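> predicted model, plus sequence, below.
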Amino acid sequence: MVREQEYAATRREARRRKKLKKLLNFDYTLLLIVIFILAFGLVMLYSTSAYAAALKTGNSAFYLKKQLFAACLGFVGMFFFTKIDYRRWAHLTFTFYIVSIILCISVIFIGTNINGQSRWLTLGPINIQPSEIGKVAVIMLLANTIDRYPKVFRTLKGVVWTLGIYACPLVAVVAYNNLSTAIIILGIAFIMAFVASPKYWYFLAAFGVSFLVIVASIPLVGYRADRINAWLHPEDFISDTGYQTLQGLYAIGSGGLFGKGLGESMQKYIVPEAQNDMIFSIICEELGVFGAVCIILLYILLLYRLLYIANHAKDMFGSYICIGIMAHIAIQVILNIAVVTNSMPNTGVTLPLISYGGTSVAILLSELGLALSVSKNMEFEEDEDV
């Protein structure tokens, strides 16, 4: 009887210590950074979109309310994925991937057309962009594959076959009507495979070949050639493709070191759809170089926390989930800022957690919930002595 009581007491103490460990391991810093960037994004979204929303809908807070609703859904998703152990999703990754492909295919046939582009599915009052779900599906599937078959990534054949089977089908479907998102998905898969493989030269060669193929194919697709010309000579396309880029550059140039002040931008009345992928230019105009550098540093800190969780994850599945999320955010931030500053042709990529886009915000917050779930199970060297 005494032994049974001692055993029960030991079990209770073990459960208590396990709960305490998860509570202490939880990455509150990552959560606070995400909340701060999102709150900053909502403020800038209202500042940028109030005039356009009032003209189009009669409600200056129209875009803000929709973004806030999406953020609330995202936090519900974050809470859900944080509470459930991420390892429970491992056996569902392939099913999730197939579902995402089916959703992306359905967009081609029954998608809702918004601003001349059919990339959304309408479910009642909500528009969903399935390609955003595809990003998470690729991250989860590749993380599970790397966890189960790490030796596959030691050979060129293994890497090519894995990416060909687990990434290229979705990339091909998404690329049909959304090339920029397809490039992001391919970039996420490429980075995850790069980290998993010890043979770096494979990827350098693949990157070089891909770049040459893209450059060679530009003349074959007229509107992409126009984007290249608008990138090189935006002043010559002032009434067409280069107009948005040129006005964004005016906004950046007029901001100076500390900007004109919150809400004082003039270019937001001129830049088309400034609340979407050009919102960084309005940040530069209203808050100046100082504000732009601060938000970039926040993104760097966000990426650092994801890398920290990846380095201390309990298993490779959790580690590569965080690496995939880190790649997702990093690629989008780099592409968005590069487009806004005219360092590369316009691709229509949003700035994570800041640009207007309900599906993007909701899915990314849920995605970060997976990273927080991984953080609850982090292991450190000192844990071995406990």
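Ah, there it is.
> which stretches in the stretch 1-150 of the chain count as strands?
112-114, 117-123, 126-128 (DSSP state E, counting those that start in this stretch).
> hey, which helix is longest across this protein?
helix 279-311 (DSSP state H).
> quick check: buried residues in that one?
The neighbour-count check on helix 279-311 (16 or more other CB atoms under 10 Å) flags 279-288, 291-292, 295, 298-299, 302-303, 305-306, 308-310 as buried. Using the backbone N, CA and C atoms, a C-beta is placed for each residue, glycine as well.
> by mean pLDDT, show me the worst of the strands of the stretch 1-150 of the chain.
Lowest mean pLDDT within these: strand 112-114, at a mean of 69.
> just the CA atoms of stretch 262-273, as CSV, please.
Only the C-alpha atoms of stretch 262-273 are listed here, as CSV (Å, rounded to 0.1, in the frame of the first residue of the first chain):
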residue,chain,number,x,y,z
LEU,A,262,1.8,58.8,-38.8
GLY,A,263,-1.2,59.4,-41.1
GLU,A,264,0.6,62.2,-43.0
SER,A,265,1.4,60.3,-46.2
MET,A,266,0.4,61.9,-49.4
GLN,A,267,1.3,59.0,-51.7
LYS,A,268,-1.3,56.7,-50.1
TYR,A,269,-3.8,58.7,-52.0
ILE,A,270,-2.0,57.9,-55.3
VAL,A,271,-0.4,54.4,-55.0
PRO,A,272,-2.9,51.8,-56.3
GLU,A,273,-3.9,49.2,-53.6
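> what does it contact?
43, 47-49, 51-52, 115, 243-244, 247-248, 250-251, 254, 260, 274, 278, 281-282, 285-287 (CB atoms under 8 Å, 6 or more residues apart in numbering).
> try it again at 7 Å.
By CB atoms under 7 Å, 6 or more residues apart in numbering, the surrounding residues in contact with stretch 262-273 are 47-48, 51, 244, 247-248, 250-251, 274, 278, 281-282, 285-286.
> mind listing what's buried in it?
So, applying 16+ other CB under 10 Å, buried residues of stretch 262-273: 265, 267-268, 271, 273.
> for residue 344, helix, strand, or coil?
coil (DSSP: H, G, I helix; E, B strand; the rest coil).
> any idea how far stretch 77-96 is from the middle of the chain?
Averaging C-alpha positions (CA atoms, centre = their mean, to the nearest Å) puts stretch 77-96 18 Å from its chain's average.
> what about it, start to end distance?
16 Å (CA to CA, to the nearest Å).
> what average pLDDT does that stretch get?
So the average pLDDT for stretch 77-96 ends up being 94.
> please apply the same query to stretch 40-57.
For stretch 40-57, mean pLDDT is 92.
> any stretches of the stretch 151-300 of the chain with poor pLDDT?
The stretch 151-300 of the chain contains residues with pLDDT under 70 at 210-211, 213-242.
> do that again at 50, thanks
The model of the stretch 151-300 of the chain has pLDDT under 50 over residues 222.
> now do the buried residues in stretch 320-329.
Across stretch 320-329, burial judged by 16+ other CB under 10 Å covers 320-329.
> contact partners for residue 99?
Applying CB under 7 Å, 6+ apart, no residues qualify as near residue 99.
> sorry, slip of the keys, the one I care about is residue 301.
For residue 301, counting by CB under 7 Å, 6+ apart, the contacting residues are residue 33.
> how distant is whatever helix or strand residue 252 lives in from the center of its chain?
Counting by DSSP states H and E, the element that carries residue 252 is helix 242-255. Mean C-alpha position of helix 242-255 versus that of the full chain (CA atoms, centre = their mean) differs by 25 Å.
> same check on stretch 59-73?
Counting by CA atoms, centre = their mean, stretch 59-73 comes out at 19 Å from the chain centroid.
> can you give me the helices in the stretch 151-300 of the chain?
Counting by DSSP state H, counting those that start in this stretch, the stretch 151-300 of the chain has helices at residues 156-166, 168-175, 179-196, 200-217, 222-232, 242-255, 279-311.
> need those helices in TSV with distance to residue 359, can you?
Formatted as TSV, these follow (distance: least, CB to CB, whole Å):
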stretch	distance to residue 359
helix 156-166	23
helix 168-175	14
helix 179-196	11
helix 200-217	26
helix 222-232	24
helix 242-255	22
helix 279-311	16
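> what's the closest of those helices to residue 105?
Nearest to residue 105 among these is helix 168-175; the distance by CB to CB comes to 5.7 Å.
> got the contact list for that closest one?
For helix 168-175, using CB under 7 Å, 6+ apart, the contacting residues are 100-101, 104-105, 131, 134, 137-138, 181-182, 185-186.
> brilliant, that's me finished.
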